[in-house]
Structures are given as C-alpha cells and as structure tokens.
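Give me a model of this one.
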Amino acid sequence: MPDPMRSYLDFEKPVAELDSKVDELRAMAASGTDIGEEVSRIEEKAGQALAELYATLTPWQKTMVARHPQRPHFTDFVGGLITEFTPLAGDRKFGEDAALLGGFGRFRGEPICVMGQEKGATTESRLKHNFGMARPEGYRKAVRLMEMAERFGIAVLSLVDSAGAYPGIGAEERGQAEAIARSTDACLALGVPNVAIITGEGMSGGAIALTTANRVLMLEHAIYSVISPEAASSILWRDGTKAQEAANSMKITAQDMLRFGVVDTILKEPVGGAHRDPAAMIAATGEAIAQALDELKGLDADAIRKQRRQKFIEIGRKLG
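A predicted model of the protein is given here:
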C-alpha cells in the first residue's frame with residue numbers, strides 16, 4: 001500500500017496519479033464496496049509504470065532520485081547494520097561537526113569503524129547536520145577515527161552522501177582543502193581494509209575524502225562527480241539553470257562509474273529507488289559489505305595498501 005507521506009519527484013507524476021487512484025479505491029473498499037479486482041488492476045499498472053520509468057532514467061532524473069529526502073541516510077544504515085555502535089565526537093583540534101558522523105561498533109559480530117555524512121530527515125535535523133556538508137573538523141575527525149582503527153586493526157566502512165564539503169568562509173579559514181587532502185591521504189595509508197559506499201550524492205572532494213578505499217560500491221541511482229551539476233552549469237555557461245544539461249553530459253551515474261572503473265560494484269535498488277523500500281536496500285547493502293570485507297580478509301597491511309594504491313593508479317591509466 002502506498003505510503004501517504006511519500007514524496008514524489010516531478011517525473012513520477014504518472015505513478016503518483018495511479019497511486020492516488022488506488023488510495024481512493026481503497027477508501028471506497030473500506031466502506032463496503034467490492035472493488036478488489038479494480039484495486040489490484042491499478043496497483044499492477046502503477047507497478048509496471050514505475051518499473052518502466054526507472055529502467056530509463058536520465059542522468060538528471062538519477063540526480064533527483066539520489067537527492068530524494070526519503071532515501072536511507074547514514075543513521076538508517078548504521079541502525080540497520082551495526083550493533084553496539086558507539087559514536088565518537090570532535091577532532092581534538094577545533095570542535096565537533098555533526099555533518100560527518102562516525103564511531104565504532106560491530107558488523108555481523110566483527111568490530112568495525114563506521115563514518116559518513118548525515119543529511120538529516122527533518123528540517124531540524126537537516127539544520128543540525130548542515131545538510132551533510134562537512135567542515136574541516138569533520139574530515140579531521142575522520143582522520144582521527146581512521147588512525148584509531150589502524151591502531152587496533154579494525155576495518156573501516158565509509159557511507160558517503162553529500163552535496164560536497166561546506167564552502168563557508170569559516171570552513172575555508174580553518175583549512176577545508178587541507179583537511180580533505182589529509183583525509184584522502186589517511187584512506188590511502190590505511191593498513192586495514194576499507195570499504196566505501198556511495199549511497200546518494202558523492203560530490204567533490206567531500207566525497208573523495210572518504211571513498212579512497214579498497215572497495216568502492218555505489219547504489220544504482222546514486223551519483224558521483226568532482227562537481228555538482230549546478231556548479232558545473234554556473235562555470236560552463238554562467239547560468240545555474242542549465243544543471244539538467246550539465247548532468248546529462250557529465251557522466252555521473254553509477255553505470256558510468258562502473259564502466260570507467262571508478263567503482264567496483266553497483267548495488268541494485270528496489271524498483272522506484274531505495275526510498276521506496278529502505279529496509280530491503282539496507283539489507284542488500286549489508287550483504288555487499290560482507291562480501292567486500294570477505295574478499296580482503298587474510299591480506300596483510302602491505303598487501304592491503306598495495307591493492308588500494310594499484311586500484312587508483314589503474315583508474316588513471318584507464319581514463320588517461
């Protein structure tokens with residue numbers, strides 16, 4: 001049964017109309033009218049329309065799906081996959097950054113370090129987490145967590161979903177670029193396995209700072225790019241309204257990234273996107289994480305570093 005609180009994207013209007021019709025018929029059925037067959041017929045039609053629509057999404061439509069406010073976020077994945085999770089706060093240099101969360105817990109019984117951006121699900125939480133746009137202290141906290149994981153031989157898991165690092169004056173004054181670079185370097189230097197998953201938006205250095213991993217996974221309708229479509233539009237055409245045109249030309253989809261060798265695996269989403277069945281998406285993500293960690297099991301620190309570095313060297317050779 002459709003969720004009455006579900007938010008529909010602009011291109012989903014035909015599906016929204018069918019879902020609305022189903023709701024009306026269900027209300028009539030509740031009053032005693034026997035229209036079960038009609039409800040089933042329209043539900044089937046809505047499901048088929050949704051499947052056809054999502055089978056041919058454009059890069060801009062995928063961008064809209066990746067930004068859907070009801071997609072599962074960091075706290076959803078942690079709540080569904082990590083037990084005994086203990087969050088850690090602060091970078092021990094300036095302060096705490098609620099946009100980038102992290103800590104330690106257990107994944108299927110094994111200790112793991114988890115970190116990633118949290119966008120928030122309500123107006124209040126979005127403001128608290130700065131819409132998932134981390135400041136320098138967030139990336140320095142990530143470095144602190146990775147160093148701790150290295151010290152105790154604990155694998156690292158990154159969940160990436162951000163429109164980019166926060167571009168505010170204060171963030172720049174406190175060394176945003178330097179913090180991102182050090183986080184990227186910390187990823188490369190890890191002697192323990194690290195797995196990164198792009199769950200929604202993987203934009204700019206704010207994403208790369210956490211995704212320089214042995215295994216990089218990406219949800220089917222997520223996007224990954226050095227710059228957002230809006231920013232690219234502003235630079236190329238001096239017109240931010242051409243974001244759709246930019247997105248369609250930038251090669252930002254999971255399918256593009258897999259073809260270029262930037263990501264290792266695409267995680268198939270439920271029909272209609274991860275936001276339509278978050279529990280199923282989180283469960284599938286758990287399976288993919290387990291497989292990725294299992295592939296790296298038994299490698300010593302030098303082999304893990306070599307594999308990771310070789311992975312990114314090969315990307316440069318392939319695209320060069």
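
Could you give the separation of the lengthiest strand in the chain from the chain centroid?
Looking across the chain with DSSP state E, the single longest strand is strand 194-203. Here strand 194-203 is found 5 Å from its chain centre; the criterion is Cα atoms, centre = their mean, to the nearest Å.

mean confidence for stretch 280-299?
Averaging pLDDT along stretch 280-299 yields 96.

scratch that, stretch 184-192
If you average the pLDDT over stretch 184-192, you get 97.

quick one, helices of the chain?
Under the criterion DSSP state H, the chain contains helices at 13-30, 36-55, 59-66, 74-81, 123-128, 136-152, 169-173, 176-189, 204-211, 229-237, 243-247, 254-260, 278-296, 301-319.

Compute the inter-axis angle for the first one and helix 36-55.
Between the direction of helix 13-30 and that of helix 36-55, the angle (axes from the mean of the first three to the mean of the last three Cα atoms, to 10 degrees) works out to 160 degrees.

Centre of the chain to helix 13-30, how far?
Taking the mean of its C-alpha atoms, helix 13-30 sits 31 Å from the chain's own mean (Cα atoms, centre = their mean).

Also the last one?
On the basis of Cα atoms, centre = their mean, helix 301-319 is displaced by 23 Å from the centre of the chain it belongs to.

helices and strands around that helix, which ones?
If you count contacts as 3 or more Cβ pairs under 8 Å, 6 or more residues apart in numbering; DSSP states H and E, helix 301-319 packs onto helix 176-189, helix 254-260. Glycine gets a C-beta too; all of them are placed from N, C-alpha and C.

For the shortest one, list every residue counted as buried.
In other words, helix 254-260. Ala254, Gln255, Asp256, Met257 (16 or more other Cβ atoms under 10 Å).

One more: stretch 225-243?
Within stretch 225-243, the residues scored as buried using 16+ other Cβ under 10 Å are Ser225, Ile227, Ser228, Pro229, Glu230, Ala231, Ala232, Ser233, Ser234, Lys242, Ala243.

between those, which is nearest Arg308?
When the buried residues of stretch 225-243 are compared for distance to Arg308 (Cβ to Cβ), Ser225 wins out at 21.4 Å.

Excluding chain neighbours, give the residue nearest to the closest one in space.
Ile252 (4.2 Å; Cβ to Cβ, 6 or more residues apart in numbering).

and Tyr8, what is it in contact with?
Val15, Ala16 (Cβ atoms under 8 Å, 6 or more residues apart in numbering).
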